[in-house]
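A.B. asks: show me how the following folds:
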Amino acid sequence: MKPEQQRIAIAEACGWNLVKDHPDYALYWEDPKGNMVAVSNYGHRFPDYLNDLNAMNEAEQILWEKDWTSRQDFVDNLARILSPIHGYRKQSGLDLLDATAAQRAEAFLRTINKWEETTK
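C.D. replies: Numbers count the residues shown, from 1 in each chain. Okay, the predicted model is just below:
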């Protein structure tokens, strides 16, 4: 997936909604608290999930609130992503602590079945 596609998919999973029929004809996103955020020429203004560990931590809370299986699926997906780097060791979660925001984003999207392989 391209980075922008990843950011949009995570934002939508976190409760952001695209508002297409706004009275001033501008394109807006509504955040989970109901605030309207305009789309600028610089792109969408939701959290930078691919570069900000704090933003990914907030996104991951959705999985933690859902059920135990989602949490375990996330950990398994993250371990598979990191396996070329550290080797896949399901019994140890220590390597997972070093995962980047981008790696966590991919694992999150794989867990919620929104990840799309990029074709070249």
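A.B. asks: got the contact list for the residue nearest to Leu109 when sequence neighbours are not counted?
C.D. replies: Leaving aside its sequence neighbours, Leu109 sits nearest to Trp115 (C-beta to C-beta, 6 or more residues apart in numbering; 4.1 Å). Every C-beta, even on glycine, is put in place using the N, C-alpha and C of the backbone. Listed by C-beta atoms under 8 Å, 6 or more residues apart in numbering, the contact set of Trp115 reads Met1, Glu106, Leu109.
A.B. asks: excluding chain neighbours, what is closest to the first one?
C.D. replies: Spelled out, it's Met1. Leaving aside its sequence neighbours, Met1 sits nearest to Glu116 (C-beta to C-beta, 6+ apart; 5.0 Å).
A.B. asks: tell me how far that neighbour lies from Ala59.
C.D. replies: Glu116 sits 18 Å away from Ala59, going by C-beta to C-beta, to the nearest Å.
A.B. asks: also Glu30?
C.D. replies: Per C-beta to C-beta, Glu30 is found 17 Å from Ala59.
A.B. asks: circling back: tell me which of the contacts of Trp115 fall in helices.
C.D. replies: Glu106, Leu109 (DSSP state H).
A.B. asks: of all the contacts of Trp115, which comes closest to Asn35?
C.D. replies: Leu109 (24.3 Å; C-beta to C-beta).
A.B. asks: understood, closing this out.
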